[in-house]
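K.L.:
just the structure for this:
(4 chains)
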2 protein chains.
Amino acid sequence: MKKTIKDIAEMTGVSPGTVSKVINNYSDVGESTRRKVQEALKKVGYRTKLHTKKNIIGVIYGGKVEFNHPFFVDVINMFSKEIGFLGYDLLFISRLVDNKDYLQRCKEAQVDGCIIVGGEESEQSLQELDRSDIPCIGIDIKLKGDSSSYIMTDNINLGKKVIEHFYLLGHREIAYIGGRKSAMVGSERTLGFHRAMTEFGLDAHEKWIEHGDFSEKSGYQAMKKILFQSDNIPRALFVASDLMAFGAMAAIKQHGLKIPSDIAVVGCDDIEISRYIEQPLSTMKQDKDKIGRLAAYMLIDQINGFKGTSSVIVDSELVIRNTCG
Amino acid sequence: MKKTIKDIAEMTGVSPGTVSKVINNYSDVGESTRRKVQEALKKVGYRTKLHTKKNIIGVIYGGKVEFNHPFFVDVINMFSKEIGFLGYDLLFISRLVDNKDYLQRCKEAQVDGCIIVGGEESEQSLQELDRSDIPCIGIDIKLKGDSSSYIMTDNINLGKKVIEHFYLLGHREIAYIGGRKSAMVGSERTLGFHRAMTEFGLDAHEKWIEHGDFSEKSGYQAMKKILFQSDNIPRALFVASDLMAFGAMAAIKQHGLKIPSDIAVVGCDDIEISRYIEQPLSTMKQDKDKIGRLAAYMLIDQINGFKGTSSVIVDSELVIRNTCG
DNA sequence: CTGAAAGCGCTTACAG
DNA sequence: CTGAAAGCGCTTACAG
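P.N.:
Below is the predicted model of the structure:
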């Protein structure tokens, strides 16, 4: 049975007008009355005619992530399938010229929850959304809000697995191309690299460490720097994204070096193209299907008020193809 | 100034109750009254509180198209950028188990317009949407409704270009793998193939013509059939999608034949992977950016009531890489 | 801080 | 087929 303001008023022994004021966040309501009414509203799941449940999930791409991002597109594909089965549609909030307020847009559209894909923890408008009471799930971005959680690959351990593999192959001279440090994903992979190097007693040669922005081009430029700045060349290279690895491989070949005999390369992500390219890339596979499915179920749990779900760290796996021993 | 039902009533010299009835499609209203009121509603752009403009575009994937479809993902990416600039968000309507009614979902969500991506003209729920008064743009699907238009590559001419290229290369024995005939895109490419063969005075060998469903696997199976069913093998192969071409190439290689020296292959779409694979695929490139941008502007024009925009046929271009002479 | 009451925008059973 | 009027769900200026 649909509840009205009047019902709530009766339940709480208060006038309909006062209930209306609570709903609309008027300031002239006593604190205890407000709480009492809010509880009742929540209990019966009160919704005004304009605010019926919309069954819409907001999707927000942080930073410079685009729609056709080779990693996230597969994550979101699986996410959309799972959440579609549960009756939800996906509202992709456009990035606007004037740095639009995501939170406001989500409220206008009355989304039931949000998924935030990539981007950086420092982005103002993402933080606002994170801190709001809209349930949010972050993919590769650490959300901290009370109604938020996130899913992220164990980026520190990921680095360790790569270095371990190189170590067992006998490589001691290892180079590294990281992503943007401002993104948690970037900084953690870098941290993982350094920790692993220390753990295996290897020197992280400063001239062999560069950073890009996860794009193919930036990987190319970073590798160029490494090859030109240093007198000797590394024997192995760990790159924090497959896209950057493609660029780095191009730079290596241009330099007249062979992969993997001169330099072994391991990327990170396992995007689809990595399997198809001329020389299929060895890479740290992140389980895109699992991440997408997890995100769907965690978000639904948040929406339904099962607070149990905290954040999840998923493991990664080395996929050996043709670019490392 | 916000108009109410009362204003409309005064404008048309009718009671507010009657206006309400027109708005809610009650049947007991006289035809002339109804028209008069509807005109007034339209003129002042009447919207009830529940029906303010939402600035949302519905996105519907027809048939089995998925979110990460290598061709459409780029089209939609460009579309979303353009339409995002104009202040719209994108609502991806989920495909539901019980063959949900797209039209109803679009009305509930009050989308301002729709883009329908792929799929087949015969799909019931797409037809309903097409025939509704919601502005729709079809990509690779022929919409016929009064408020609809579509964008499609010139698939007939596309076939001609491929055959012409083969012809000039001296190939006379040409095989063809088409897509689903129930999709306009599929049937037109097939038609284009046959017409071009006739035009160049070539025989379309029945055993060299197979059909898949645009997927990689179906291309593989189709090529297997062609290779096993026929005594002699063709010298050239035209495949109606890049994905099917990948499968066909695998089958050719398994058969111990070389591309392009034994069989020349040309695909269709120019998806991103085609450039990256071990043996980069020659293909008919469709201008994804242009299509995405066109779709955005045509849809906005429809929404704003500029009926001028009819459907658009875009041209394609042969991109020669390593699989044909 | 709270409620009684006027009012808004809309819908709908009913009379003609 | 049409309108006067009761009514619904909600908001809001005002009195206390």
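
K.L.:
next to DNA strand C, which bits of chain A? Give me the list.
P.N.:
A:13-18, A:21, A:28-34 (CB under 7 Å from any atom of the strand). Every C-beta, even on glycine, is put in place using the N, C-alpha and C of the backbone.

K.L.:
mind jotting down where the helices sit in the stretch 201-325 of chain A?
P.N.:
Ranges of helices in the stretch 201-325 of chain A, per DSSP state H, counting those that start in this stretch, are A:216-229, A:242-254, A:273-276, A:288-303.

K.L.:
any idea which of the ones you listed scores lowest on pLDDT?
P.N.:
In terms of average pLDDT, helix A:273-276 trails the rest of these, at a mean of 86.

K.L.:
who's in contact with the residue of the stretch 201-325 of chain A found nearest DNA strand C?
P.N.:
Residue nearest to DNA strand C within the stretch 201-325 of chain A: residue A:305 (26.3 Å; CB to the nearest atom of the strand). If you count contacts by CB atoms under 8 Å, 6 or more residues apart in numbering or on different chains, residue A:305 has none.

K.L.:
pLDDT score for it?
P.N.:
82.

K.L.:
same question for residue A:183.
P.N.:
pLDDT, residue A:183: 84.

K.L.:
count of residues packed around it?
P.N.:
Other residues lying near residue A:183 total 22 when counted by other CB atoms under 10 Å in any protein chain shown.

K.L.:
which secondary structure state is assigned to the closest residue to it other than its chain neighbours?
P.N.:
The spatial neighbour of residue A:183 that comes closest, neighbours along the chain excluded (CB to CB, 6 or more residues apart in numbering or on different chains), is residue A:120 at 4.8 Å. In three-state terms, and counting by DSSP: H, G, I helix; E, B strand; the rest coil, residue A:120 is coil.

K.L.:
I figured residue A:120 hits residue A:179, correct?
P.N.:
No: using CB atoms under 8 Å as the test, residue A:120 is too far from residue A:179 to be in contact (10.7 Å).

K.L.:
those two: which is more packed in?
P.N.:
The residue with more neighbours, out of residue A:120 and residue A:179, is residue A:179; 25 against 17, by other CB under 10 Å.

K.L.:
got the contact list for that one?
P.N.:
By CB under 8 Å, 6+ apart, the contact set of residue A:179 is A:185, A:186, A:189, A:211, A:212, A:213, A:214, A:240, A:241, A:244.

K.L.:
try residue A:185
P.N.:
Contact partners of residue A:185, counting by CB under 8 Å, 6+ apart, are A:118, A:140, A:141, A:152, A:153, A:155, A:179, A:240.

K.L.:
can you tell me which two in the residues you listed are farthest apart?
P.N.:
A:141 and A:240 (15.5 Å; CB to CB).

K.L.:
got the residues of the stretch 1-150 of chain A near chain B?
P.N.:
Neighbours of chain B within the stretch 1-150 of chain A, by CB under 8 Å from any CB of the partner chain: A:49-50, A:54, A:56, A:66-68, A:73-74, A:76-77, A:80, A:83-85, A:87-97, A:105, A:109.

K.L.:
among those residues, which lie within strands?
P.N.:
A:56, A:89, A:90, A:91, A:92 (DSSP state E).

K.L.:
show the pLDDT at the first one.
P.N.:
Spelled out, it's residue A:56. With respect to pLDDT, residue A:56 scores 94.

K.L.:
hmm, it is touching residue B:91, no?
P.N.:
Yes: counting by CB under 8 Å, residue A:56 touches residue B:91, with 7.1 Å between them.

K.L.:
identify the contacts common to those two.
P.N.:
Residues touching both residue A:56 and residue B:91 by CB under 8 Å, 6+ apart: A:89, A:90, A:91, B:109.

K.L.:
turn the residues you listed into JSON lines, columns for pLDDT and neighbour count.
P.N.:
Output for the shared contacts of residue A:56 and residue B:91, formatted as JSON lines (pLDDT from 0 to 100; neighbours: other CB atoms under 10 Å in any protein chain shown):
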{"residue": "A:89", "pLDDT": "94", "neighbour count": "24"}
{"residue": "A:90", "pLDDT": "96", "neighbour count": "22"}
{"residue": "A:91", "pLDDT": "96", "neighbour count": "24"}
{"residue": "B:109", "pLDDT": "87", "neighbour count": "18"}
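
K.L.:
what's the most distant pair in the residues you listed?
P.N.:
Top of the distance list for the shared contacts of residue A:56 and residue B:91 (CB to CB): A:90 and B:109, 11.3 Å.

K.L.:
overlap of the contact sets of those two?
P.N.:
A:56, B:91.

K.L.:
ok, and residue A:60, which helix or strand is that part of?
P.N.:
Using DSSP states H and E, residue A:60 sits within strand A:56-61.

K.L.:
relative to residue B:266, which of the helices of the stretch 201-325 of chain A is closest?
P.N.:
Across these, closest to residue B:266 is helix A:273-276 (CB to CB), at 18.3 Å.

K.L.:
so how far is that closest one off the chain centroid?
P.N.:
Per CA atoms, centre = their mean, to the nearest Å, the displacement of helix A:273-276 from the mean C-alpha position of its chain is 22 Å.

K.L.:
what residues does that helix touch?
P.N.:
A:70, A:242, A:245-246, A:267, A:280-281, A:283, A:321, B:272-273, B:276-278.

K.L.:
cool, stretch A:223-233 as well?
P.N.:
A:173, A:175, A:177, A:205, A:207-208, A:210, A:234, A:237, A:247-248, A:251-252, A:255, A:257, A:262-263.

K.L.:
quick check on these: which are buried?
P.N.:
Using 16 or more other CB atoms under 10 Å in any protein chain shown as the burial test, the contacts of stretch A:223-233 include A:173, A:175, A:177, A:205, A:208, A:210, A:234, A:237, A:247-248, A:251-252, A:263 as buried.

K.L.:
quick revisit: can you flag which of the contacts of stretch A:223-233 belong to strands?
P.N.:
Using DSSP E, the members of the contacts of stretch A:223-233 that fall within strands are A:175, A:177, A:210, A:237.

K.L.:
biggest separation within the residues you listed, which pair?
P.N.:
Longest span within the ones in strands among the contacts of stretch A:223-233, CB to CB: A:210 and A:237, 10.2 Å.

K.L.:
for residue A:276, the count of nearby residues, please.
P.N.:
Neighbours around residue A:276, by other CB under 10 Å: 17.

K.L.:
ok, and the closest non-adjacent residue to it?
P.N.:
Going by CB to CB, 6+ apart, residue A:276 has residue B:277 as its nearest residue, at 4.7 Å.

K.L.:
residues contacting that neighbour?
P.N.:
Contacts for residue B:277 (CB under 8 Å, 6+ apart) come out as A:276, A:277, A:278, B:246.

K.L.:
low-confidence stretches in the stretch 51-200 of chain A?
P.N.:
Low-confidence segments of the stretch 51-200 of chain A (pLDDT under 70): A:97-100.

K.L.:
change it to 80
P.N.:
Applying pLDDT under 80 to the stretch 51-200 of chain A picks out residues A:51, A:96-100.

K.L.:
for it, what spans make up the helices?
P.N.:
Going by DSSP H, counting those that start in this stretch, the stretch 51-200 of chain A shows helices at A:72-85, A:102-109, A:124-131, A:155-168, A:184-199.

K.L.:
pick the most deeply packed of these.
P.N.:
Per residue and on average, the most neighbours among these fall to helix A:72-85, with a mean of 22 (mean count of other CB atoms under 10 Å in any protein chain shown).

K.L.:
could you check the angle helix B:72-85 makes with that one?
P.N.:
Angle of helix A:72-85 versus helix B:72-85, following axes from the mean of the first three to the mean of the last three CA atoms, to 10 degrees, is 80 degrees.
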